[in-house]
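K.L.:
Just to be clear, the model below is a prediction. Sequence and coordinates:
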Amino acid sequence: MTEKTLKLSEQPLKLESTRVWRTYSGGKVLEEWQGRPDPQDGDRPEEWIASVTRARNNRSEASPDEGLSEVSLAGDATVLLKALIDADPEAFLGAEHVRRYGANTAVLVKALDSRSRLAIQVHPDRDFARDVFHSAFGKTEAWYALGGREIGGEPPYLLFGFKPGVTREKWRELFEKQDIPGMVDCLHRIQLVPGETLLIEGGVPHAIGSGCFLLEIQEPTDYTIRVERTTPEGNPIPDELCHQGIGFEKIFDCFHYEALTLEETLARYRIPPVVLDEGDGFRVIELIGAGHTDKFRLQRLEVGKALDCRNDGQFSILAVLAGSGRIRYSDRVMALRQSQTVFLPAGLTVFRIEGDPGHPLELVRCFPPR
Ligand SMILES: O=P(O)(O)OC[C@H]1O[C@](O)(CO)[C@@H](O)[C@@H]1O
């Protein structure tokens with residue numbers, strides 16, 4: 001029997017691995033999860049998934065396309081996801097999405113594994129991004145904790161949100177003195193709990209601690225303002241990477257000086273999961289919904305048997321956290337295994353996810369804003 005002819009925008013697209021250089025080290029747990037031989041920590045601790053966003057690393061030796069994801073085609077051929085989308089935005093992203101956001105997915109997904117703590121940083125909200133970077137997107141982000149490891153006897157942890165008593169003047173003074181313990185002490189600290197989701201709005205100071213393995217969903221930019229001029233591992237950070245070209249004076253405008261207690265911070269930013277649908281051999285859990293942010297949505301899918309899905313005129317992105325199985329679409333099948341990532345174009349309207357007996361699939365499904 002001959003297969004039906006399908007356009008690329010009508011089929012699931014397997015994504016190649018896209019590792020990206022960062023100022024912090026990590027990646028060993030990520031590589032273990034990916035089943036790579038000889039997993040190692042290094043200077044590319046992040047996997048960018050379905051990315052149409054270029055990394056802002058300011059490194060002359062790197063490719064100008066660093067950060068852009070490639071799609072695997074037949075044989076060993078690959079093509080940039082961005083090139084496919086640019087050639088036919090509506091078919092891949094959906095007409096309504098293109099009307100609102102142009103030929104941009106409006107979302108970026110990452111798997112991130114830190115051996116060392118990240119530098120204390122902040123990302124722009126939409127207003128700051130528009131006024132200062134002339135960008136339609138800021139960098140609100142959310143972390144879905146997958147697991148982690150102890151580093152030097154310390155369990156994985158997160159720093160975020162100003163504590164009561166922190167003012168713009170105090171923050172600036174600590175920056176000028178480069179008083180790192182003082183800056184760390186201005187932020188709330190919590191332990192990373194696998195399965196928890198935190199939403200970090202643009203403007204909120206934060207630093208992912210050492211030993212964290214998480215999935216991140218965010219707006220599609222790489223604007224990171226870093227207030228530590230030397231990384232926790234002792235490497236100087238070039239000024240341009242700290243202030244992103246806007247100068248040190250301006251960076252203090254990017255922070256939201258809203259000092260909340262830990263309870264208030266967690267009540268605002270920790271998002272409890274909600275079961276949306278459950279049946280014989282599947283569960284669909286909302287991790288981030290439209291009520292939490294208008295920047296993206298995130299679901300966890302658990303598929304022991306089968307789950308019928310629709311794309312409803314929008315694309316979505318899958319990452320297989322664990323298990324194995326397949327996607328059935330039209331008259332075809334695509335195998336799924338742990339760490340596989342897949343772009344599901346808007347033109348793929350219906351598909352079925354099936355888990356293998358004894359190896360139920362655990363997946364995240366990432367959506368752009370509605
Ligand atoms: O400043 P660093 O350590 O390179 O970290 C940047 C990283 O921080 C994050 O914003 C997470 O907080 C990632 O999206 C980003 O790649």
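P.N.:
All right, it came through fine. Residues are numbered from 1 along each chain as shown.

K.L.:
which residue does the stretch 101-250 of the chain bring closest to the ligand?
P.N.:
Nearest residue of the stretch 101-250 of the chain to the ligand (C-beta to the nearest ligand atom) works out as Leu118 at 3.8 Å. To be clear about C-beta, it is placed using only N, CA and C from the backbone, and glycine gets the same treatment.

K.L.:
And for the longest helix seen in the chain, what's in contact with it?
P.N.:
Scanning the chain for the helix with the most residues, using DSSP state H, yields helix 168-177. Residues from elsewhere that reach helix 168-177, judged by C-beta atoms under 8 Å, 6 or more residues apart in numbering: 162, 182-183, 186, 227, 252, 255, 257.

K.L.:
quick one: buried residues of that helix?
P.N.:
Within helix 168-177, the residues that count as buried by 16 or more other C-beta atoms under 10 Å are 170-172, 174-175.

K.L.:
Distance from the chain centre to it, please.
P.N.:
Distance of helix 168-177 from the chain centroid (C-alpha atoms, centre = their mean, to the nearest Å) equals 30 Å.

K.L.:
Can you name the element that comes right after it?
P.N.:
Proceeding N to C from helix 168-177, the next assigned helix or strand is helix 180-185, under DSSP states H and E.

K.L.:
May I have that following helix as PDB, with CA atoms only?
P.N.:
Output of helix 180-185 as PDB, limited to C-alpha atoms (Å, rounded to 0.1, in the frame of the first residue of the first chain):
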ATOM      1  CA  ILE A 180      27.400  38.900  45.800                       C
ATOM      2  CA  PRO A 181      26.500  37.400  49.200                       C
ATOM      3  CA  GLY A 182      24.500  40.600  49.800                       C
ATOM      4  CA  MET A 183      22.700  40.200  46.500                       C
ATOM      5  CA  VAL A 184      22.000  36.500  47.100                       C
ATOM      6  CA  ASP A 185      20.600  37.500  50.500                       C
END
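
K.L.:
which residues are contacting it?
P.N.:
Here helix 180-185 makes contact (C-beta under 8 Å, 6+ apart) with 120, 159, 163, 171, 174-175, 207, 227-228, 232.

K.L.:
Close to the ligand: what parts of this structure are there?
P.N.:
Listed as neighbours of the ligand in the chain under the rule C-beta under 6 Å from any ligand atom: 22-24, 46, 110, 118-119, 121, 141, 206, 208, 216, 218, 224, 226.

K.L.:
what is the rounded mean pLDDT of stretch 14-26?
P.N.:
Confidence over stretch 14-26 (mean pLDDT, whole number) is 97.

K.L.:
follow-up on the earlier one: now pLDDT and distance to Pro37 too, for the buried residues of helix 168-177, in JSON lines please.
P.N.:
JSON lines is the format used below for the buried residues of helix 168-177 (pLDDT from 0 to 100; distance: C-beta to C-beta, whole Å):
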{"residue": "Lys170", "pLDDT": "98", "distance to Pro37": "49"}
{"residue": "Trp171", "pLDDT": "98", "distance to Pro37": "45"}
{"residue": "Arg172", "pLDDT": "98", "distance to Pro37": "48"}
{"residue": "Leu174", "pLDDT": "98", "distance to Pro37": "44"}
{"residue": "Phe175", "pLDDT": "98", "distance to Pro37": "43"}
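
K.L.:
Pick out whichever of those residues sits closest to Pro369.
P.N.:
Nearest to Pro369 out of the buried residues of helix 168-177 is Trp171 (C-beta to C-beta; 30.5 Å).

K.L.:
hmm, back to that, neighbour-wise, which one of the contacts of helix 168-177 leads?
P.N.:
Taking other C-beta atoms under 10 Å as the neighbour criterion, Val227 ranks highest of the contacts of helix 168-177 with 25 neighbours.

K.L.:
what about that residue, distance to Ala87?
P.N.:
The spacing between Val227 and Ala87, counted by C-beta to C-beta, to the nearest Å, is 41 Å.

K.L.:
Okay, and the beta partners of Phe162?
P.N.:
On the basis of DSSP bridges, Phe162 is bridged to Leu187.

K.L.:
Hmm, it is touching Pro205, no?
P.N.:
Yes: proximity of Phe162 to Pro205 meets the contact threshold set by C-beta atoms under 8 Å, at 6.3 Å.
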